[in-house]
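Undergrad: Build me a model from this:
(chains A, B, C and D)
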2 protein chains.
Amino acid sequence: MSESARNVVGSGDPKAGSLSGEDRIVALMELLFFAYRDFISDPDAMLEEIGFGRAHHRIIHFIGRHPGLRVSELLGILRITKQSLGRVLRELIDRGYVYQKAGERDRRQRLLFLTEKGRSLHRRLAAPQIARVAQALEAAGPDADDTFARALLNMTDAAERERIRRLTGWEDGGGNG
Amino acid sequence: MSESARNVVGSGDPKAGSLSGEDRIVALMELLFFAYRDFISDPDAMLEEIGFGRAHHRIIHFIGRHPGLRVSELLGILRITKQSLGRVLRELIDRGYVYQKAGERDRRQRLLFLTEKGRSLHRRLAAPQIARVAQALEAAGPDADDTFARALLNMTDAAERERIRRLTGWEDGGGNG
DNA sequence: GGATTTATGTCAGTCATATTGACATATTTT
DNA sequence: AAAATATGTCAATATGACTGACATAAATCC
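TA: Numbers count the residues shown, from 1 in each chain, chains lettered A, B, ... in the order given. You can find the predicted model right below:
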């Protein structure tokens, strides 16, 4: 059962290609690595020009997608400490991409929003990624997006799935199997 | 066309859920982020205990999957500099997880292999990830693995796809659209 | 066979992003 | 009033990346 002794064979499996069983899964894991690597390469290049990094991108993205996000929610999403978030968020605020507003019901909260400058950057960063994913799903066949989303969601920690489903707004299109 | 003005509507799209168009793609991008985040969380925890990081994992993985890998190939796969690889690879060699052997045809090459200790770690790190992906694909429906693989492969830079296809051993199962 | 290129390694310095721990402040809840 | 909560900040440290420079051995070119 080690991942070296079942290559190329297929052992009667009617599935695609020459891989079967665990090797098939391992190949998918590598594809996930490469896909993610290239997925972040476009914004990475843009960010470098303005002296930002991936951390800035993630923050810009989630604030842009979820205006009024609380700091504690953002910490939970990114799974980093407040000290790590602090420095990057400070830069984004100081350079005019993000602003904060005290919560109305709870004035301890600092709700996060993008400025117009922030929204503009958000759009520029997202554009190549949206194009990349859209093209990939079209090329993957009809309803690939549903299958892709289900696979990704089921790959997250079970305890988090409901929260992620709500956050992303994803609803299953039925048609499972 | 900005990603704020088309939520929840659906606009007659027969597709699943309440999202349509660009918002749908953006939701998928977030799912990709969360899936990847959780996908690496299991090995991350194990690595921490022995004083290794993600960089060590990636190296262990690719050497384990492709024994005899050349240093230059590994650099290309990971897209890092030789200086970055150097320190981490040195640790793996010094602590007995990896060994090198000069190439027979070209004795400048240092072919990379896992020791038994390295293979053992490789297996332990991979196990939870294999389980996670296998479960996710089963839950995503029949043939989800083909669709998933096609989507991921098409998400990589086009110039690299053939190389990645060969490296992972993935072959398309036909049945596209 | 000497010059050049290639594959790899290494030293030194820097940067981005993460960590832990401690402490501060404002506000809400008990 | 006391305690808990949401957030911010200071300081020290670790990891993993970078650039640039230089070194060595082996292969290849002319």
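
Undergrad: A:F113 falls within a helix, correct?
TA: No - assigned with DSSP: H, G, I helix; E, B strand; the rest coil, A:F113 falls outside any helix and is strand.

Undergrad: got the contact list for it?
TA: A:F113 sits next to A:I63, A:P67, A:G68, A:V98, A:Y99, A:Q100, A:K101 when contact means Cβ atoms under 8 Å, 6 or more residues apart in numbering or on different chains. C-beta coordinates here come from the backbone N, C-alpha and C atoms, glycine included.

Undergrad: isn't A:L137 right up against A:F148?
TA: Yes - contact criterion Cβ atoms under 8 Å: A:L137 and A:F148 qualify, at 6.4 Å.

Undergrad: Spell out which residues are contacts of both of those two.
TA: Shared contacts of A:L137 and A:F148 (Cβ under 8 Å, 6+ apart): B:L28, B:A151.

Undergrad: Need the nearest residue in space to the residue nearest to the spatial centre of chain A, chain neighbours excluded.
TA: In chain A, the C-alpha nearest the mean C-alpha coordinate belongs to A:R58, at 8.4 Å (Cα atoms, centre = their mean). Nearest residue to A:R58, sequence neighbours excluded (Cβ to Cβ, 6 or more residues apart in numbering or on different chains): A:L78, at 5.9 Å.

Undergrad: What number of residues are in the vicinity of the one you found?
TA: 17 (other Cβ atoms under 10 Å in any protein chain shown).

Undergrad: and the longest helix for chain A?
TA: For chain A, the longest helix by residue count, based on DSSP state H, is helix A:116-139.

Undergrad: does any part of it sit near chain B?
TA: Yes - using Cβ under 8 Å from any Cβ of the partner chain, we find that helix A:116-139 touches chain B at A:R119, A:R123, A:A126, A:Q129, A:I130, A:R132, A:V133, A:A134, A:Q135, A:A136, A:L137, A:A139.

Undergrad: Which of the residues you listed lies at the shortest distance from A:L112?
TA: Ranked by distance to A:L112 (Cβ to Cβ), the residues of helix A:116-139 next to chain B are led by A:R119 at 12.8 Å.

Undergrad: close enough to count as contact, that closest one and A:P67?
TA: No - with contact defined as Cβ under 8 Å, A:R119 does not reach A:P67; the gap is 9.4 Å.

Undergrad: Could you list the low-pLDDT ranges of chain A?
TA: A:1-19, A:173-177 (pLDDT under 70).
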